[in-house]
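Novice: Return a 3D structure for these sequence lines:
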Amino acid sequence: MAKLDRAFNPRVLAIVGDSGFFQWIRSHSDFKGKLYSVQVNPKTIERIEKMGIENYTSLVAIPEPVDLAIVAVGRKYALSVLEDCIRKDVAAAHFFTAGFSETDTQDGIDMGRALTDRAIEAGFHLIGPNCMGLFNPAVGLKQMGGQYVGAAGPVGFISQSGTHAINFSLEAHLQGVDVNKSVSFGNGTVLDAAEYLEYFGQDDGIKVIGMYLEGIREGRRFLDVLKEVSRKKPVVIWKGGRTQDGGRAIASHTGSLAVPQDIWDAAMRQGGAVTAPGMDALIDTLKALLYLNPVYGNRVVLAGGSGGQSVAITDAFTEVGLKVPPLTRESYDQFEEFFSIIGGSYQNPIDTGNPNRAQMKRIMDIIEGDYNIDNIVLLMYTGTGGPPGLEDRRDEEIQSIVDLRNRSSKPVMVTITVPFLPKVVGEARTLVKKLQDGGVPAFTSLDRGALALRNTLDYYQFQKRDD
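Specialist: Predicted coordinates for the structure are as follows:
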C-alpha cells in the first residue's frame, strides 16, 4: 500500500522511451512534482531538452528516488527497463508497452510471462502492461493530455480499459462527478483489480468506487476484498464482455477470460457490489450514491411532469421495480385547496400542467410530508419543452429544490427533459451543475434517473442485509 501511495501521489516522475509526438511528456506539462525523461536517441534527446525536460540515458542515473516510471518502450526492451526499475528501487512502473499475452502469439506470451515472473520475483509493483496507467488530478498525473487538473473529487475509478478510464474521467467531470484517483491496469499481470480496490478502500478521500472489468485473475481474493470494501463504501461495477461475442473481444483486448454473466452477477451480489450495464449507468449510479440521502424504500412520488411526460416517467420508474403509489388522503385534501385539475392532476404522478407549475414550492411541501412516499423525484425542463414563463422562475425553483433536499431526510432527485439541440444541451449541463452544487443529483433522461435510484436502493439493501 505504501508503494502504491507513492505511485498515485508521485513527487518524482520518470518517463522512459517517449518519442514522436511525446504523448507522455506533453500530457504532464501540469505535473506538480519533478519530471525526468529517460531516452538514448540523441536527436530525440535534443527535442526533449528543448521542451525544458531534463533527460538521462539511464533510469538508474536519475539523481533522486523515483516514485513512478511511465514506460513507453518497444516490448523487446521492456524487460531491460524493468531491471533498471528494480535496481533503482522505483516504487512502481506503469508499462504503456503492449504486445504481450493479448496478442495470442507465442512471442507475446513468452515476453509477457518473463516480465511478470521477474516483477513478482523482485516484489516489484508493475502496473499493466498494455494500459494507460494512473490519473490523479490533484498532482497533475494524467492518462492523457485532455484530462483536467486540480479538481480532486470523491470518486475512485478502476478500469482494465484505458479508453474507458479516460472517457469516464471526462464525462463524469461534465456530469459533476470528479475523480480523486483512477487507474487503467490493462493486462493486470502483477497488480490486478483486487490490489487497486484494496488501496482505494483505504483512501479516505475516495467516497465511492467505480470499476470497469473484463475479467479477474484471482476470483476468491477479489471477492474477499470486494466484501470488505463494500461494507465501508459503495462499489459500482460495469462488466465488459457480457455477450458471447463481447467475451471473444476481450481476449484480444487484455487477454482476460470471459466469465458467464449469470455467475458474474451472482458473485457481485455476494460481494455487495452494485452492477451497471454501461458508462452512463455507472456515472449515474455513482452520482446518486454521492448526493442522495440513504435510500431505504421503493415508493416514489413523481412531480412536475405534464401530459405524456407524466406517463413516461411513471413507466420508467416502475419498470425498474420501484413503486408509484397513491398519496395519503391528507395530501389530497391539501391539494384540493389550490390545485387546478384542468390540464393537470395531483394523483401520483403529479401532472402540474401549466397552471400549477408556479406552485411547485407548495407542492414540494405537501409531498415531503406524505408518509406513503420514500423518495421524491422532480421533473424539470430545458429549452422550449416547458411551460411559458419557466425561465423567469427557474433559479427560484432550483433554490426551492435545494432547500427541500437540505431539510428532508427523504432522497430528492431531478430528471431533466432535454431536446437534443446544441443550445439546449448546454443549458441542461448548466442546470445539472446548479442542482448538484446544492446537493441534488440531476439526470438527463427519465430512464437514467430511474435506474440510478434503483441501484442506490440495491446498495442500501445490501448494507442492511450485511448488518
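Novice: domain ranges for this structure?
Specialist: If you go by automatic domain parsing, the domain ranges for the chain are 1-130, 131-291, 294-448.
Novice: got the end-to-end distance for the shortest one?
Specialist: By that I understand domain 1-130. By C-alpha to C-alpha, to the nearest Å, the extent of domain 1-130 from end to end equals 22 Å.
Novice: Nearest to residue 458 among the domains of the chain would be which one?
Specialist: Relative to residue 458, the nearest member of the domains of the chain by C-beta to C-beta is domain 131-291, separated by 5.6 Å. Placement of C-beta: from N, CA and C, glycine included.
Novice: Report the distance from the closest one to the chain centre.
Specialist: Computed by C-alpha atoms, centre = their mean, to the nearest Å, the chain-centroid distance of domain 131-291 equals 7 Å.
Novice: Can you check the distance spanned by it, start to finish?
Specialist: From the first residue to the last, domain 131-291 extends over 31 Å; the measure is C-alpha to C-alpha.
Novice: And the pLDDT at the closest residue to residue 466 other than its chain neighbours?
Specialist: In space, and not counting its chain neighbours, residue 466 is closest to residue 231: 6.2 Å by C-beta to C-beta, 6 or more residues apart in numbering. In this model, residue 231 is scored at 94, pLDDT.
Novice: show me what contacts residue 231?
Specialist: 272, 463, 466 (C-beta atoms under 8 Å, 6 or more residues apart in numbering).
Novice: Format those as a markdown table; extra columns: pLDDT.
Specialist: As requested, the contacts of residue 231 are arranged in a markdown table below (pLDDT from 0 to 100):
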| residue | pLDDT |
| --- | --- |
| 272 | 94 |
| 463 | 86 |
| 466 | 70 |
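Novice: so which of the domains of the chain is the most packed in?
Specialist: Counting by mean count of other C-beta atoms under 10 Å, domain 131-291 has the highest mean neighbour count of the domains of the chain, with a mean of 20.
Novice: For residue 412, see how far away residue 373 is.
Specialist: Note on residue 373: its distance to residue 412, by C-beta to C-beta, to the nearest Å, is 11 Å.
Novice: typed the wrong thing, it's residue 149
Specialist: 32 Å.
Novice: Check residue 141 too.
Specialist: For residue 141, the distance to residue 412 (C-beta to C-beta) stands at 36 Å.
Novice: one step back: out of the domains of the chain, nearest to residue 457?
Specialist: Comparing these by their distance to residue 457 (C-beta to C-beta), the top pick is domain 294-448, with 4.5 Å.
Novice: Pull the distance from that closest one to the chain's centre.
Specialist: The chain centroid and the centroid of domain 294-448 are separated by 26 Å under C-alpha atoms, centre = their mean.
Novice: end-to-end on it?
Specialist: Start to finish, the residues bounding domain 294-448 are 19 Å apart (C-alpha to C-alpha).
Novice: Show me the helices in the stretch 101-250 of the chain, by range?
Specialist: For the stretch 101-250 of the chain, helices defined by DSSP state H, counting those that start in this stretch occupy the ranges 106-122, 162-174, 193-202, 219-230, 244-253.
Novice: among these, which is nearest residue 5?
Specialist: Between residue 5 and those, the shortest gap by C-beta to C-beta is with helix 193-202, which sits at 7.5 Å.
Novice: Alpha carbons of the closest one, as CSV, please.
Specialist: Provided in CSV are the C-alpha atoms of helix 193-202 (Å, rounded to 0.1, in the frame of the first residue of the first chain):
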residue,chain,number,x,y,z
ALA,A,193,-8.2,-5.3,-9.7
ALA,A,194,-8.1,-6.6,-6.1
GLU,A,195,-4.9,-4.6,-5.2
TYR,A,196,-6.3,-1.3,-6.5
LEU,A,197,-9.7,-1.9,-4.9
GLU,A,198,-8.0,-2.6,-1.5
TYR,A,199,-5.9,0.6,-1.9
PHE,A,200,-9.0,2.7,-2.8
GLY,A,201,-10.9,1.2,0.1
GLN,A,202,-8.3,2.6,2.5
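Novice: now the angle between helix 219-230 and it, please.
Specialist: Taking axes from the mean of the first three to the mean of the last three C-alpha atoms, to 10 degrees, one finds that helix 193-202 is oriented at 10 degrees with respect to helix 219-230.
Novice: for the stretch 201-350 of the chain, what spans make up the strands?
Specialist: Taking DSSP state E, counting those that start in this stretch, the strands of the stretch 201-350 of the chain run over residues 208-213, 235-239, 274-276, 300-305, 350-351.
Novice: about what we covered before: and of the helices of the stretch 101-250 of the chain, who's closest to residue 334?
Specialist: Distance to residue 334, taken as C-beta to C-beta, is lowest for helix 162-174 among the helices of the stretch 101-250 of the chain, at 39.2 Å.
Novice: Only C-alpha atoms, please: export the closest one in CSV.
Specialist: Written as CSV, here are the backbone C-alpha positions of helix 162-174 (Å, rounded to 0.1, in the frame of the first residue of the first chain):
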residue,chain,number,x,y,z
GLY,A,162,-7.6,2.8,-21.0
THR,A,163,-10.2,4.3,-23.2
HIS,A,164,-12.9,3.8,-20.7
ALA,A,165,-10.7,5.2,-17.9
ILE,A,166,-10.1,8.4,-19.9
ASN,A,167,-13.7,8.7,-21.1
PHE,A,168,-15.0,8.1,-17.6
SER,A,169,-12.9,10.9,-16.2
LEU,A,170,-14.1,13.4,-18.9
GLU,A,171,-17.8,12.5,-19.0
ALA,A,172,-18.1,12.2,-15.2
HIS,A,173,-16.5,15.6,-14.8
LEU,A,174,-19.1,17.1,-17.2
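Novice: Appreciated, that's everything.
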